[in-house]
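In: heads up, no residue letters with this:
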């Protein structure tokens with residue numbers, strides 16, 4: 001079974017008080033999720049905005065990925081394909 005699906009995402013970055021904040025909005029057409037991430041620049045470090053952008057965006061993507069996994073695991077359970085012993089999501093609580 002093959003299919004093509006298009007998901008749309010927007011990444012918003014802003015900096016405030018040497019802290020980069022990122023919000024990623026994902027629209028799958030049926031579900032909307034939002035991931036969040038932050039990165040703080042240590043006052044003794046050089047101010048390199050790209051590092052904060054990358055780190056905060058990576059953290060927001062990790063947050064979004066965790067939400068997608070939980071959604072998929074719930075769908076699997078609903079479809080009667082619950083987690084098998086030893087699989088990473090068998091004890092997922094995040």
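Out: Structure received. Quick caveat, the model's predicted, so the values are computed rather than measured. Residues are numbered from 1 along each chain as shown.
In: just the strands in the chain please.
Out: 8-16, 19-27, 32-40 (DSSP state E).
In: run through the neighbouring helices and strands of the second one.
Out: With contacts defined as 3 or more C-beta pairs under 8 Å, 6 or more residues apart in numbering; DSSP states H and E, the packing partners of strand 19-27 are strand 8-16, strand 32-40, helix 49-78. In short, each C-beta sits where N, CA and C put it, glycine included.
In: what does that strand contact?
Out: In this structure, residues lying in contact with strand 19-27 by C-beta atoms under 8 Å, 6 or more residues apart in numbering are 7-15, 32-41, 49, 52-53, 55-57, 59-61, 64, 68.
In: okay, the angle between the lowest-mean-pLDDT helix or strand in the chain and strand 19-27?
Out: Every helix and strand in the chain was compared by mean pLDDT, DSSP states H and E; the lowest is helix 49-78, with a mean of 93. With axes from the mean of the first three to the mean of the last three C-alpha atoms, to 10 degrees as the basis, helix 49-78 and strand 19-27 are set at 40 degrees to each other.
In: stretch 12-19 - what's its average pLDDT?
Out: The average pLDDT for stretch 12-19 rounds to 93.
In: in that stretch, which residues are buried?
Out: residue 13 (16 or more other C-beta atoms under 10 Å).
In: now do stretch 72-79
Out: Quick answer for stretch 72-79 (16+ other C-beta under 10 Å): residue 73.
In: and that stretch, how far from the chain's centre?
Out: Chain-centre distance of stretch 72-79: 19 Å, with C-alpha atoms, centre = their mean, to the nearest Å.
In: who's in contact with the residue nearest in space to the middle of the chain?
Out: Centrality entry for the chain: nearest residue to the mean C-alpha point is residue 64, 1.8 Å, by C-alpha atoms, centre = their mean. Counting by C-beta under 8 Å, 6+ apart, residue 64 makes contact with 24, 26, 33-35.
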